[in-house]
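1. predicted model and sequence follow; I will ask about them next.
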Amino acid sequence: MGRPCTICSHPHREAINQALREGYTFRDVAGHYAVSKTALHRHWQAHLAAESASPPVSQRPGSGTARRALFDYIEGWYNPHRRHSALGYLSPAEYEETWQPHDTVQDAVSAGMVSAADG
């Protein structure tokens, strides 16, 4: 016969169950209710794990979704906002806001955008 569940006899059992259902970590719940993480894990496996079964594989986001989310983050926020040394430590968005087009190469040279050797 298995070991008796100490959480089931705990006076705050319902609050512990609710905290576990809401996704609090075993460490946080154990510290708050003065029980061991091992006891929480045993309780979770015996009584609560079946309630919160993970979704079927067909409903889980695939690697394509993760790749798109990562791409959207990098191209949509990170690259436009990070500072580039080649742009004088401005973000691309800041650089584009301050950039002024020049009508001629001479205007670009006088503004210091390019050297006379480049033109």
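-> Done, it's in. Numbers count the residues shown, from 1 in each chain.
2. am I right that Val29 is in contact with Asn17?
-> No - Val29 is not in contact with Asn17 according to Cβ atoms under 8 Å; the separation is 9.7 Å. The way it works is simple: take the backbone N, C-alpha and C, and place the C-beta from them, glycine included.
3. sketch out the low-pLDDT regions of this protein for me.
-> Scanning the chain for pLDDT under 70 picks out the ranges 1-2, 52-63, 100-109, 111-119.
4. who has more neighbours, Val29 and Asn17?
-> Comparing Val29 with Asn17 by neighbour count (other Cβ atoms under 10 Å), the higher total belongs to Val29, at 23 against 19.
5. please name the nearest non-neighbouring residue to the more buried one.
-> The spatially closest residue to Val29, leaving aside those adjacent along the chain, is Ala19, at 4.9 Å (Cβ to Cβ, 6 or more residues apart in numbering).
6. pull the residues that contact the helix or strand hosting that neighbour.
-> Assigning secondary structure by DSSP states H and E places Ala19 in helix 13-21. Helix 13-21 is contacted from outside by 7, 10, 26, 28-29, 32-33, 35, 40, 43-44, 47-48, 51-52, using Cβ atoms under 8 Å, 6 or more residues apart in numbering.
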